[in-house]
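Student: structure for this input, please:
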Amino acid sequence: MKILFVHQNFPGQFVHLAPALVRRGHQVLALTTQGNARPSPVRVVKYRDPDPITLSSPLTKLYAEFAERGARTAFAAQQLRDLHGYQPDVIFGHSGWGETLFLKEIWPAARLLVYAELMYRARGLDTDFDPEFRRTDLAQRVTTVARAAHLMQSMLLADAGLAPTAFQAETFPPELRRKITVAHDGVNTALVRPDPNAVLDIPGTTLRFRPGDEVISFVNRSLEPYRGYHTFMRALPAVLAARPGAHAVLIGDEGQSYGAAPKDGASWKQRFLDEVKDRLDLNRVHFLGRVPYARYLALLQVSRVHAYLTYPFVLSWSCLESMSAGAMVVASDTAPVREVIRDGVNGRLVDFFDIPAWSAALTEALANPAATAPLRAAARQSIVERYDLASICLPKLVDFVESAAAPPGG
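Tutor: Got it, this is the predicted structure:
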């Protein structure tokens, strides 16, 4: 079977699936943007990056950017068909950037699958969740709804969709939800596991942390409100005051990945650090920025308590991987997290906005590591049983793609 993956950041979510399909004897090709320099496990063809959109209306510009990327993808697909005779049986693309919008015009007989990561809504999800930052005026709601246009179109044109969690699938309207299969990308639990010999050195210091040390970990792609950085920083002074031997280690970029940047031009990281720094011993707060995967994993393995927060939004890999590494996870009591963590069973859930409760939960976990041992073991076991890459998730993903080649009833 000929399978074409489409993703501007390939391999992205397909990093394990694409080579697995090759091992099963399929011919696998990927189509990605010319600016993508990530190593690929399969042969890659690239399309030309879209030109900047100069339209003045932000609403028009939103859809135009996605449609232009979709058109560039389609023109590259047309060349593959006309110049090389390429005809895929299955196309599997991420719907987030519009790349799949016009591929049925090139290969109408191919089965089109989309990675359905999240559907935008003006109410009940991320945009109106946080009272400190939400805008509920009509202009903001219109903009949010407009952002969903290409996602709706992508799902309407697709033969089937795949979402990594039930929460993310349920963000789609019922008419489209029926098309979506839930299957996570998978966690390599053989790699991401407790390691009693793990070591984390803090650059510029003589500090070296090992499992059992009083380390609080906080990890996100960017340090920003969407992932609760402001809540964590506001809770931290009381934690460090109560536990004078504890250290907080944070991984994440200075900028933002989701939502808007601060209006004052500063970074979210600096804004909320400035808010509390007079109440912190900064010698015990360590910002590592973006780090190689091995250092990230070492932090999870040495952490005595891992703080994870998120708006009602895409569930982070760090939540699942911290559990797989055997960390004691204190997490926000929000819908995507409740799918994975049960309070008092395999972690703790705390109201996203309750600063005193966060301080108390983190302090308690630091103070009583023996009491958290059953929760840590249960966290690890829940990931092994539900999200293991080799035994559970990858077989589901392979079956999803292979089954798509046959039309319904075929």
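
Student: checking my notes, Val330 in a strand, right?
Tutor: Yes. Val330: assigned to a strand according to DSSP: H, G, I helix; E, B strand; the rest coil.

Student: count of neighbours near it?
Tutor: Number of residues near Val330 (other CB atoms under 10 Å) recorded here: 28. For the C-beta atoms, the positions are set from N, CA and C on the backbone; glycine is no exception.

Student: likewise Ala357?
Tutor: Quick note: Ala357 (other CB under 10 Å) scores 16 neighbours.

Student: contact partners for Phe352?
Tutor: Going by CB atoms under 8 Å, 6 or more residues apart in numbering, Phe352 touches 130, 228, 231, 309, 311, 332-334.

Student: contacting residues around Phe232?
Tutor: 218, 307, 309, 358.

Student: could I get the full set of helices for the stretch 51-200 of the chain?
Tutor: Remark: helices assigned in the stretch 51-200 of the chain by DSSP state H, counting those that start in this stretch are 58-84, 138-147, 149-157, 166-170, 174-177.

Student: buried ones in the longest one?
Tutor: When neighbours are counted by 16 or more other CB atoms under 10 Å, the buried residues of helix 58-84 are found to be 62-74, 76-77, 80.

Student: just to revisit the earlier point, what's the farthest-apart pair in the contacts of Phe232?
Tutor: Pairwise distances among these were taken by CB to CB; the largest, 11.2 Å, belongs to Phe218 and Trp358.

Student: can you list residues touching both of the two?
Tutor: Shared between the contact lists of Phe218 and Trp358 (criterion: CB under 8 Å, 6+ apart) are residues 232, 307.

Student: where does this structure have low pLDDT?
Tutor: 406-410 (pLDDT under 70).

Student: domain map for it?
Tutor: 2-186+390-404, 200-387 (automatic domain parsing).

Student: okay if I get those as TSV plus distance to Val192?
Tutor: Output for these, formatted as TSV (distance: least, CB to CB, whole Å):
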stretch	distance to Val192
domain 2-186+390-404	11
domain 200-387	4
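
Student: Arg193 is nearest to which of the ones you listed?
Tutor: domain 200-387 (6.5 Å).

Student: distance to Leu297 added to the helices of the stretch 51-200 of the chain, as TSV?
Tutor: Shown next, in TSV, are the helices of the stretch 51-200 of the chain (distance: least, CB to CB, whole Å):
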stretch	distance to Leu297
helix 58-84	33
helix 138-147	34
helix 149-157	33
helix 166-170	25
helix 174-177	34
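
Student: among these, which is nearest Pro244?
Tutor: Nearest to Pro244, of these and by CB to CB, is helix 166-170 at 38.6 Å.

Student: for the closest one, which outside residues touch it?
Tutor: 116-118, 163, 177, 180, 182, 312, 314-315, 335-336, 339.

Student: so which of these is surrounded by the most neighbours?
Tutor: Among those, Ala116 has the most neighbours (other CB under 10 Å), with 28 neighbours.

Student: the nearest residue to it once chain neighbours are set aside: what's it in contact with?
Tutor: With CB to CB, 6 or more residues apart in numbering as the criterion, Ala116 has its nearest non-adjacent residue at 3.8 Å, and that residue is Gly161. Residues counted as contacts of Gly161 (CB under 8 Å, 6+ apart) are 95, 113-116, 155, 172, 176, 179-181.

Student: drop anything exposed from these.
Tutor: The buried subset of the contacts of Gly161 - by 16+ other CB under 10 Å - is 95, 113-116, 155, 172, 176, 179-181.

Student: just those now: which is nearest Ala246?
Tutor: The nearest one, if we look at the buried ones among the contacts of Gly161 relative to Ala246 and count by CB to CB, is Tyr115, at 39.4 Å.

Student: which non-adjacent residue is nearest Pro369?
Tutor: Arg304 (5.8 Å).

Student: Tyr47 now?
Tutor: Take Tyr47 and drop its neighbours on the chain: the residue closest to it by CB to CB, 6+ apart is Ala76, 3.6 Å away.

Student: how close does that neighbour sit to Gln8?
Tutor: 12 Å (CB to CB, to the nearest Å).

Student: then Ala242?
Tutor: Counting by CB to CB - Ala242 and Gln8 are separated by 46 Å.
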